[in-house]
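Novice: Build the 3D model from these lines:
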Amino acid sequence: MRAEEHACRIEEREREAAELHFELIDTLIVWWYVRFCRIHHQRTLTLCCVYEKIAHSETSQKCPAVLSLLLPSSNFAVSYFLGLNVIFYVRWISSRFWMDVNDRLGGDNHTGNYLFAPRPSKEDNCDTTSPFGSSDDNSNNSTDGTPADQLVKMMLMNGGGGSVEVMDTSEEPASYGSGAASAVGNKELPSTERMVAMMHLSESAPTLSTDLSGLHSTRLAGGGDSRFPEDFADVFARFDHLGEENQICFIQEFLLRMNQYQHGEVNSYLKPLLKRDFVSLLSNLGLHVIAEKILFKLDAQSLRSAEQVCHDWGRVVAEGQLWRKLIENNVRTDALWRGIGTRRGWIKNLFRKYPLPQIGDTYYRQLFPVIMRDIEATERNWKIGNHTLHKINCRSENSKGVYCLQYDDEKIISGLRDNTIKVWDRSNLQCSQILTGHTGSVLCLQYDERIIVSGSSDSTVRVWDIARGEMLNTLVHHCEAVLHVRFQNGMMVTCSKDRSIAVWDMLSAKDIALRRVLVGHRAAVNVVDFDEKYIVSASGDRTIKVWSTATCEFVRTLQGHKRGIACLQYKDRLIASGSSDNTIRLWDIECGACLRVLEGHEELVRCIRFDNKRIVSGAYDGKIKIWDLQAALDPRTLASSLCVKTLVEHSGRVFRLQFDEFQIVSSSHDDTILIWDFFNNTTVSLPQPRNQSRSDNPAGNSSASGGALPSSTAKPGGVAVAFEP
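Specialist: From the prediction side, this is the model:
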């Protein structure tokens, strides 16, 4: 009996020690909890109480609930949650220790997992220990309660006066704490109700997701709102009587007291209020011109969507003729649009001072997709090699071969091996004029609106009147064949087999003076090109040399080709060169780096041209290759995918070629000129002009006379000016 009594006494003491241990832990938690709640405003108190509720929820509901609160919460709320879990972790370690003691003593599991222990109900008669200390949830008759209860009361009461201390903040009114005050002041707090007062604060206050729009509408209506006490009506009334500046300052003070999540809620409410239909407002105010200028900045897809927004937007688009202006802008800036307009004939309806009365905005809106289909078909033809071929037989009498050419929409001018320059009419592909005077093969030429400049194997450079076909000037400087000539903006550059480059000042056809001779190449200089910054030359010595246009001083040498360089083009900062090593190289002129090597030709690459989309090259193997320029400039693109198409029609060496958005024109040793036309020649149905509503012709002008087309539209091919033959 004494042994049993001794064992029971030891068990009872250990139980008392465990209860005292948890009372101390509870006291620490409550002190830490209330300490931080007193420091910060009451909204944080609300969040902390919600966290307490989460701690006592089922395990499967904890993670999504905590995440949904932590993401928009303030930094303090997050730090509080982390700190609270640290203390709960200490409690859990302690509970595991005392659980082992309890198991050893054979007792029940009332000292189990303290962190997520369920709160006992008043109907439960079992003696379970609360997560907050006391083992008796129904002990409402005690005067003082547990030490943790006393600490809560001491820290929540103002000196035992029976009212809860509420922080002075603008976010929560002090009247919300009255319910908790009576709960604390008139009733002892058992362990299971230790946090009820603070939870009451959170339940009685408005939630974070308060509908601001509902508050605004209620206030304007002058009605009451159960979310606010009655004395808030006076606050709203005073706010309404404040001046505009004071109202802004008042709201700014409110915003400073709110956390990040609340700022997001306010922002989501303000966004729709800040939206304005500026197009309709400008139109209704008579400022439709400004609205038109704004919508004119849109692309075609956006413009089509804009005119469907509402009647006002559609009226601005129609009255402003924005579809016509969009097409005109594309014609001005894109040679492909300009060429399609000329070939299809709709370009005559553009660039008029007064729009035609029978053509309204509907016509241009329907015309736009027709143009886009033509553009897509043309680009597709380039990729698959679908073309229409036209052939000119030069029928040279003595020696065969066409060494150089240049063309526009009306004519093709070619230099032949038989010492003549022939002009061909594009309409019937017949020779309309023959210029004679050279005593050797015409190796190079270039022309503009007034003159033709040609270089020959007779070592001379001759200037011709393009209209009358008369020779105007003969320049004798080089001592061997003139292999290439270029001129623009009052300056001309020639190169020769004598290894020199001559720079000329060209004031007029008859007033041409030598400025400078550039020497540096160790073999014949086969080609030159220049702009306002650099002169670029390529030679049989396998090098490309760069010179300053302004000072004619040497800048740098580009090396990489394994054999002599036969052709070259320079544009912006890109150089494309072709060599007798059968390769094409792309260079950056500023740093001198080789960007890409294109391989595919089987013999010497004799001619090369490029634009913004593609490179076209011709070689002594009789083939013309089309390369994707943008892909070539991308180092990630495989070399095998760079050549888009290979054209084989010439039976001899390809000497010279030029191309534009629709066609390639090439000449060969087989004494022919071939025109490869990639334009979509299928018949298309253009929209028919018809009488429109008055809104489609706001000017009301019936004059059909239009202004002249810009000079840039006269030659859609865009190759007649300053292009190397």
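Novice: Tell me where the stretch 251-400 of the chain has strands.
Specialist: For the stretch 251-400 of the chain, the strands defined by DSSP state E, counting those that start in this stretch cover 388-393.
Novice: just for the stretch 401-550 of the chain, where's the confidence low?
Specialist: Along the stretch 401-550 of the chain, segments meeting pLDDT under 70 are nowhere present.
Novice: for Gln433, helix, strand, or coil?
Specialist: strand (DSSP: H, G, I helix; E, B strand; the rest coil).
Novice: what's the closest residue to it other than its chain neighbours in contact with, if anything?
Specialist: Using Cβ to Cβ, 6 or more residues apart in numbering and skipping residues adjacent in sequence, the residue nearest Gln433 is Val423, 4.0 Å away. For the C-beta atoms, the positions are set from N, CA and C on the backbone; glycine is no exception. Val423 is in contact with 411-413, 431-435, 469, counting by Cβ atoms under 8 Å, 6 or more residues apart in numbering.
Novice: change it to 6 Å
Specialist: Residues counted as contacts of Val423 (Cβ atoms under 6 Å, 6 or more residues apart in numbering) are 411, 413, 432-433.
Novice: ok, now Tyr534?
Specialist: 546, 549 are the contacts of Tyr534 under Cβ under 6 Å, 6+ apart.
Novice: partner residues bridging it?
Specialist: Tyr534 has these beta-bridge partners by DSSP bridges: Ser548.
Novice: For Ile248, see how far away it is.
Specialist: 59 Å (Cβ to Cβ, to the nearest Å).
Novice: hmm, back to that, between the contacts of Val423, which has the most around it?
Specialist: Ile413 (24 neighbours; other Cβ atoms under 10 Å).
Novice: What's opposite it in the beta bridge?
Specialist: Gln406, Val423.
Novice: Arg656 too?
Specialist: Under the criterion used (DSSP bridges), Arg656 bridges to Ser667.
Novice: helix/strand/coil for Arg516?
Specialist: Going by three-state DSSP: Arg516 is strand.
Novice: low-scoring stretches of the stretch 101-250 of the chain, by residue?
Specialist: 101-228.
Novice: make it 50
Specialist: 105-224 (pLDDT under 50).
Novice: coming back round to it: distance to Asn381 for the contacts of Val423 - can I get that in a markdown table?
Specialist: Formatted as a markdown table, those follow (distance: Cβ to Cβ, whole Å):
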| residue | distance to Asn381 |
| --- | --- |
| Lys411 | 24 |
| Ile413 | 26 |
| Ser432 | 29 |
| Gln433 | 32 |
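Novice: what's the most distant pair in the residues you listed?
Specialist: Greatest spacing in the contacts of Val423, by Cβ to Cβ: Ile413 and Ser432 (10.1 Å).
Novice: Please, where are all the helices along the stretch 501-650 of the chain?
Specialist: 629-632 (DSSP state H, counting those that start in this stretch).
Novice: right, I mislabeled it, should have said the stretch 301-450 of the chain
Specialist: For the stretch 301-450 of the chain, the helices defined by DSSP H, counting those that start in this stretch cover 311-319, 322-333, 335-344, 361-384.
Novice: Looking at those, spot the one closest to Leu445.
Specialist: The nearest among those, by Cβ to Cβ, is helix 335-344 at 22.4 Å.
Novice: other SSEs contacting that closest one?
Specialist: Packing contacts for helix 335-344, counted by 3 or more Cβ pairs under 6 Å, 6 or more residues apart in numbering; DSSP states H and E, involve helix 322-333.
Novice: switch to 7 Å and redo it
Specialist: Under the contact criterion of 3 or more Cβ pairs under 7 Å, 6 or more residues apart in numbering; DSSP states H and E, helix 335-344 touches helix 322-333, helix 361-384.
Novice: could you check the angle helix 361-384 makes with that helix?
Specialist: 110 degrees (axes from the mean of the first three to the mean of the last three Cα atoms, to 10 degrees).
Novice: give me the number of residues near Pro689?
Specialist: 14.
Novice: any idea how far it is from Trp346?
Specialist: 10 Å.
Novice: Using a markdown table, lay out the helices of the stretch 301-450 of the chain together with mean pLDDT, distance to Pro272 and mean neighbour count.
Specialist: Conversion of the helices of the stretch 301-450 of the chain to a markdown table gives the following (pLDDT from 0 to 100; distance: least, Cβ to Cβ, whole Å; neighbours: other Cβ atoms under 10 Å):
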| stretch | mean pLDDT | distance to Pro272 | mean neighbour count |
| --- | --- | --- | --- |
| helix 311-319 | 89 | 19 | 19 |
| helix 322-333 | 93 | 28 | 19 |
| helix 335-344 | 91 | 40 | 21 |
| helix 361-384 | 92 | 32 | 17 |
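Novice: Quick one: closest of those helices to Gln488.
Specialist: helix 335-344 (18.2 Å).
Novice: Please save the CA atoms from that closest one in CSV.
Specialist: The C-alpha trace of helix 335-344 is given here as CSV (Å, rounded to 0.1, in the frame of the first residue of the first chain):
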residue,chain,number,x,y,z
ALA,A,335,8.3,50.7,-101.8
LEU,A,336,6.3,47.5,-101.8
TRP,A,337,3.0,49.3,-101.1
ARG,A,338,4.0,52.0,-103.7
GLY,A,339,4.6,49.3,-106.4
ILE,A,340,1.4,47.4,-105.7
GLY,A,341,-0.5,50.7,-105.9
THR,A,342,1.0,51.5,-109.3
ARG,A,343,0.4,48.0,-110.6
ARG,A,344,-3.2,47.7,-109.4
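Novice: which parts of stretch 254-274 are buried?
Specialist: Neighbour counts over stretch 254-274 (16 or more other Cβ atoms under 10 Å) mark 258-259, 261-262, 265 as buried.
Novice: Likewise for stretch 422-440?
Specialist: Buried-residue list, stretch 422-440, by 16+ other Cβ under 10 Å: 422-424, 426, 431, 435, 437-438.
Novice: Likewise for stretch 407-415?
Specialist: Buried-residue list, stretch 407-415, by 16+ other Cβ under 10 Å: 407-409, 411-415.
Novice: I'd like these as CSV, with distance to Arg238 appended.
Specialist: Converted to CSV, those look like this (distance: Cβ to Cβ, whole Å):
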residue, distance to Arg238
Tyr407, 83
Asp408, 80
Asp409, 78
Lys411, 86
Ile412, 87
Ile413, 88
Ser414, 91
Gly415, 92
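Novice: and the two most separated of those residues?
Specialist: The widest separation within the buried residues of stretch 407-415 (Cβ to Cβ) is 20.2 Å, between Asp409 and Gly415.
Novice: So what touches stretch 511-524?
Specialist: Here stretch 511-524 makes contact (Cβ atoms under 7 Å, 6 or more residues apart in numbering) with 473, 475, 477, 483, 492, 497, 499-506, 537, 539-541, 545, 547, 552, 554, 564.
Novice: do the same with stretch 643-657
Specialist: Contacts of stretch 643-657 (Cβ under 7 Å, 6+ apart): 383, 385, 389, 401-405, 600, 606-607, 609, 616, 618-620, 622-628, 664-670, 674, 676, 725.
Novice: what does stretch 566-584 give?
Specialist: Against stretch 566-584 from outside (Cβ under 7 Å, 6+ apart): 526-527, 529, 536, 538, 544, 561-565, 585-590, 597-599, 601-610, 615, 617.
Novice: ok, Thr474 touching Thr460?
Specialist: Yes. Counting by Cβ atoms under 7 Å, Thr474 touches Thr460, with 5.6 Å between them.
Novice: Tell me which of these two has more neighbours.
Specialist: Legend: neighbour count by other Cβ under 10 Å for Thr474 and Thr460, higher for Thr460 (19 against 11).
Novice: which residue sits closest to Cys479, ignoring its sequence neighbours?
Specialist: Asp498 (4.9 Å).
Novice: Pull the contacting residues for the one you found.
Specialist: 478-480 are the contacts of Asp498 under Cβ under 7 Å, 6+ apart.
Novice: Closest one of those residues to Phe368?
Specialist: Among those, and counting by Cβ to Cβ, the member closest to Phe368 is His478, at 52.9 Å.
Novice: quick one: the closest residue to Asn489 other than its chain neighbours from Lys562, how far?
Specialist: Closest residue to Asn489 apart from its sequence neighbours, by Cβ to Cβ, 6+ apart: Glu532 at 7.3 Å. According to Cβ to Cβ, Glu532 and Lys562 sit 32 Å apart.
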